[in-house]
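Participant: pasting the sequence and the predicted coordinates here, then a few questions.
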Amino acid sequence: MSAFKDDSPAASAPQASGGTHQGADAPRSPAASEKNTSRSQQAFREALAVAKEREIGLTTVSGRAVEPVYLPAEIDEDYETRLGFPGQYPFTRGIHANLYRGRLWTMRQFAGFGAAEETNARFKYLLEKGQTGLSTAFDLPTLMGLDSDHPNSAGEVGRLGVAIDTLDDFERLFAGIDLGAVSVSMTINAPAAIVLAFYLATAERQGVAWDTLRGTLQNDILKEYHAQNEFVFPPRESVRLVIDTIEFCTRHVPQFNPVSISGYHIREAGSTAAEELAFTLADGFHYVEQTLARGLPVDHFAPRLSFFFNSHNDFLEEIAKFRAARRIWARHLRERYGAKDPRSWALRFHAQTSGVSLQAQQPEVNVVRVAYQALAAVLGGCQSLHTNSRDETLSLPTLEAVTIALRTQQVLAYETGAANSVDPLGGSYQVEAWTDALEAEAEAIFAEIERAGGMIAAIDAGYFRRRIAESAFRYQTEVDAHKKLVVGVNAFTEQEPSTIPLLEMDPEIETRQQENLARVKAARDSAAVEHALATVRRVAASQENIMPALMAAARSQATLGETVNALADSLGRYRRGA
Amino acid sequence: MASPATRPIRVVLAKIGLDGHDRGIQVVARALRDAGMEVIYTGLWQTPADVVRAVEDEDADVLGVSILSGAHLTLVPTLVESLRKRGLDRVQLIVGGIIPETDIPKLEALGVARVFTPGAPLPEIAEFIRRSAGRAAE
């Protein structure tokens, strides 16, 4: 296919020695550079020499060769300490020697609505359009651990994501999709351990071995208390479930990321970039400490911890944030938790463009916002990316809007050249100054959390929510006072409301899902379900890992709601004052 | 208790349904407090019945509900009906959140005084409440 092949003559020209460009007139011969190289520089050059390269995009539109990485003329100790080489500690410049030169980021659009069949069809559509990973959105009842026939689910079934009640739904969700061949991300938190059990049981029934499964469970409960408010059990008990899944996956599903430590929602709720960065990493440190307390060696589980950040409007601040995140994580994992495996130090992250930055007014303009935000994520070195659809502030995205969002990533990947060298903004005075400043602000926030008595005490004291609400209010006040301009909202407004087509939900979905549930309930062995739920209650009240009991409950076709209730019988429910 | 004409405007704010997006309602709560109103925010996951009880208990002049899940056409009719049944028709009902343009007339036809969507300036929300409570000059 011609779009994926560079036919220009320069593309076949041999690579410059070493493959990097060092300053304007720096010596380029391997012999000269070998003399004064540090161990990490040597490791970097070796990694680069053996790294695979894609065959496209190695020259510009004008035919100029693009080096994988550009370096300062003088590599001094300060450079090595603060930035380092791509793929080397402290990973400020990225987690691979040649990053997207080897493999592009995963283009992963979040999708889900209706019953299992609707989402299954959307998944197949996205795979067919060139998407490279799946990302599952669940509806609100599922996120809150309620079945589709619960009175509080009325009006919400299948609306914001796919409705899941039982293993039967999960099997239909992935029907005809080989779980051994595609990586699957699942955005779910309070009932995440139960959904993981559904996923593992589905793989089992497809005949796919657990150790080949790749994907990510969001399963980050801490940010629910800070920002997103989809929690069921109290914080300490919820964290125990997270650690159970980390422990279980470390042993049985080694290629799967059991938690995606998320700043996205913290930022959407109104935090600053520094707060997003600091709260997220502090959550990560808490999971590390709690998993260490189980007796798991840090290098056994830390390499599979992954992150999820927002890519917001302030282009350079976002890039600095991603770079600071990598450096802070690497330093803490190595120095504070004693990790020895470089894979434990390297922070991998998914990015999503900012939903809250999108506007209902002149919605076509959102495509432009998304493109800039996506560029920031890529220049910041993300591993996977969701680009929001232009209509997400109005409704769930239409197929047309999702396709434009995916095409935005493809233009970025194949046409702009942004993917062709690693950390091209490294060395920019502003980006480096802001990377340092964000790191310092994050360290100050870690100290505040410590002073508040640690993570759980700070949650109980309302520390995170207070700070986020304060930042959200300050921003809105600035917009109202026209100190910040938002195109189409408080500036450059238009009289005529512009309209774009919106996705219409089928009102029959709720009824259909409830009928499905009734059918599954009628067909299952209710004594087996009762037995499985009793085991869930017993294990939840003990110190044992909950996953085997949840697997048994899933196989018995116990519903998500029933299993959540069984857990709540032992763990309690969390309500906080307004 | 102060007479209805001089006491501060009392506003009950609530999240109804299952969605946890409370950035908007918290910002609005603070702005209305700063504008001199008494604001009671009842928190997340309220059912229409919970909300009506709060309006009664707090003797509210205004009820503001926030919905960002898209379930407004299921939840708001139930809420309006519950208010009517309890004889609380005089309470001004305001809806905030992600509400498609085409649904706004439907909500207004049910008796919703005003729908505010994302980006609505805070002073405009406060001014609307003050005016509809007959206190423009307060």
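Facilitator: Thanks, I have it. Computed from a predicted structure; not experimentally measured.

Participant: gap between the longest helix anywhere in chain B and the chain center?
Facilitator: In chain B, taking DSSP state H as the definition, the longest helix is helix B:72-85. Here helix B:72-85 is found 13 Å from its chain centre; the criterion is C-alpha atoms, centre = their mean, to the nearest Å.

Participant: again, but for stretch A:298-313
Facilitator: That offset, for stretch A:298-313, works out to 8 Å (C-alpha atoms, centre = their mean).

Participant: that one near chain B anywhere?
Facilitator: No: Stretch A:298-313 lies out of reach of chain B by C-beta under 8 Å from any C-beta of the partner chain, never closer than 13.2 Å. C-betas here are computed from N, CA, C, even on glycine.

Participant: quick one: terminal-to-terminal distance for that stretch?
Facilitator: 35 Å (C-alpha to C-alpha, to the nearest Å).

Participant: for stretch A:486-505, same thing?
Facilitator: 30 Å.

Participant: go through it and flag the buried ones.
Facilitator: A:Val486, A:Gly488, A:Val489, A:Asn490, A:Leu502, A:Leu503, A:Met505 (16 or more other C-beta atoms under 10 Å in any protein chain shown).

Participant: quick one: the fourth one from chain B, how far?
Facilitator: I take that to be A:Asn490. Distance, A:Asn490 to chain B, by C-beta to the nearest C-beta, to the nearest Å: 8 Å.

Participant: the last one now?
Facilitator: As judged by C-beta to the nearest C-beta, A:Met505 and chain B stand 8 Å apart.

Participant: quick check: A:Arg555 touching A:Asp168?
Facilitator: No: in this structure, A:Arg555 is not within contact of A:Asp168 by C-beta atoms under 8 Å, at 11.1 Å.

Participant: helices and strands around the longest strand belonging to chain A, which ones?
Facilitator: Ranked by residue count and defined by DSSP state E, the top strand of chain A is strand A:305-311. Helices and strands touching strand A:305-311, as assessed by 3 or more C-beta pairs under 8 Å, 6 or more residues apart in numbering or on different chains; DSSP states H and E, comprise strand A:259-262, helix A:264-268, helix A:273-292, helix A:315-331, strand A:349-353, helix A:366-379.

Participant: export the last one as PDB, just CAs?
Facilitator: Backbone C-alpha positions of helix A:366-379 (Å, rounded to 0.1, in the frame of the first residue of the first chain) are rendered in PDB as follows:
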ATOM      1  CA  ASN A 366     -13.400  20.900  18.700                       C
ATOM      2  CA  VAL A 367     -11.600  19.000  16.000                       C
ATOM      3  CA  VAL A 368      -8.900  21.600  16.100                       C
ATOM      4  CA  ARG A 369      -8.600  21.600  19.900                       C
ATOM      5  CA  VAL A 370      -8.300  17.800  19.800                       C
ATOM      6  CA  ALA A 371      -5.500  17.900  17.200                       C
ATOM      7  CA  TYR A 372      -3.400  20.300  19.300                       C
ATOM      8  CA  GLN A 373      -3.900  18.300  22.400                       C
ATOM      9  CA  ALA A 374      -3.100  15.000  20.600                       C
ATOM     10  CA  LEU A 375       0.100  16.600  19.300                       C
ATOM     11  CA  ALA A 376       1.100  17.500  22.900                       C
ATOM     12  CA  ALA A 377       0.500  13.900  24.000                       C
ATOM     13  CA  VAL A 378       2.700  12.600  21.200                       C
ATOM     14  CA  LEU A 379       5.500  15.100  21.800                       C
END
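
Participant: and for that helix, what's in contact with it?
Facilitator: Applying C-beta atoms under 8 Å, 6 or more residues apart in numbering or on different chains, the contact partners of helix A:366-379 are A:100, A:105, A:309, A:311-313, A:315-316, A:318-319, A:322, A:351, A:353-354, A:357-359, A:385, A:387-393, A:404-405, A:408-409, A:411-413, A:416, A:418-419, A:423-425.

Participant: for the buried residues of stretch A:486-505, which one is nearest chain B?
Facilitator: For the buried residues of stretch A:486-505, the residue nearest chain B by C-beta to the nearest C-beta is A:Val489; the value is 4.6 Å.
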